[in-house]
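Novice: mind looking at a prediction? Sequence and model below.
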Amino acid sequence: MKEDKMRKVTSFEEFETELLNNSEYRKAERRVKPYYDLALEIIKLRASLKLTQKDLAEKAGTYQSRISKIESSEFDIRLSTLINIAEALGSQVQIRFIPTNESYYAQKENIYHQLFASEVVSQAGSSNTAWVEPKRSISMHGQGVA
Amino acid sequence: MALWNLEFFPSEGERSSPTDTLKRLCNPTEQAEFVQKFKTLGELEHKNWTFKWLKPVKGFYQVTQGNFRAYFHINNKKIVILHFCRKVTQKARDEDINISEANWRRYERG
């Protein structure tokens, strides 16, 4: 910890938190993240079953190059292909729409503005407001897979 | 739970800081793509890093997103993002590798 401070690193979480304060970034993240979440889900399940991309492609009735593109988040997958891949991984697809985080950020910004508008200089650590991030969904559920 | 600890070096505000360059040059979509790529790497075992956007280059790893590249080094379950730049040529430029190397040496020195 002390070493890290000497090196003056910027932690990834710190950087991402800063980006998330920008509404345009949050909008972009909502469009991009599902592709990476899906890729991660497939890679983790495939690895746990000790399958290669070629094995999975054969079981799912598709091409290895397509699996590679899906795992690289570079392919807009069809729902039918996704169902086939899930089946090949001994899983099923579960779809869930969840509310965006915008109300959370709007509330946060509102309180921030209120604090400055009332010209109250708060003492450090005096705030007892706790922010709870909304839960995110998981897109695929494994069955009998560690 | 991430398997790798991700960090940027040099830090914000310092010369050749990758975070400064990423914020200055990229639009929000490109920023989100980079963030997601690094988070994906951070959650997987090294042997499962089989991505089209990732390749080893002269002792470093190169992550590509559109017209931009990021270079990082791994050490003790840490991913240290050392340099971020605009893609000028198809092949990685020696200049960018040199900056990554210099930053890595500084990081190692502490």
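Specialist: Perfect, I can see it now. Numbers count the residues shown, from 1 in each chain, chains lettered A, B, ... in the order given.
Novice: what's the local residue count around the residue in chain B that chain A sits nearest to?
Specialist: For chain B, the residue closest to chain A is B:L6, as judged by Cβ to the nearest Cβ, at 3.6 Å. All C-beta spots, glycine's among them, are computed from the backbone N, C-alpha and C. For B:L6, the number of neighbouring residues by other Cβ atoms under 10 Å in any protein chain shown comes to 21.
Novice: and B:Y61, what is it in contact with?
Specialist: Neighbouring residues of B:Y61 by Cβ atoms under 8 Å, 6 or more residues apart in numbering or on different chains: B:L54, B:K55, B:Y71, B:F72, B:H73, B:I74.
Novice: mind doing that once more with 7 Å?
Specialist: Under the criterion of Cβ atoms under 7 Å, 6 or more residues apart in numbering or on different chains, the contact list for B:Y61 reads B:L54, B:Y71, B:F72.
Novice: now do it, the pLDDT please.
Specialist: We note a pLDDT of 98 for B:Y61 in this prediction.
Novice: and it, that one's in a helix?
Specialist: No. Using DSSP: H, G, I helix; E, B strand; the rest coil, the assignment for B:Y61 is strand, not a helix.
Novice: tell me what it is bridged to.
Specialist: According to DSSP bridges, the residues that bridge with B:Y61 are B:P56, B:F72.
Novice: over to A:V93?
Specialist: In this structure, A:V93 bridges to A:M140 when assessed by DSSP bridges.
Novice: surely it is in contact with A:I83?
Specialist: Yes. The pair A:V93 and A:I83 qualifies as a contact (Cβ atoms under 7 Å) at a distance of 5.6 Å.
Novice: which strands border the helix or strand containing the residue of chain B closest to chain A, and is each parallel or antiparallel?
Specialist: Taking DSSP states H and E as the definition, one finds B:L6 inside strand B:5-8. Using DSSP bridges, the strands paired with strand B:5-8 in its sheet are strand A:10-11 (antiparallel), strand B:78-86 (parallel).
Novice: what are the buried residues along that strand?
Specialist: Neighbour-count burial for strand B:5-8 flags B:N5, B:L6, B:E7, B:F8 (criterion: 16 or more other Cβ atoms under 10 Å in any protein chain shown).
Novice: that older thread, contacts only, for the residue of chain B closest to chain A.
Specialist: A:F12, B:F38, B:G42, B:I79.
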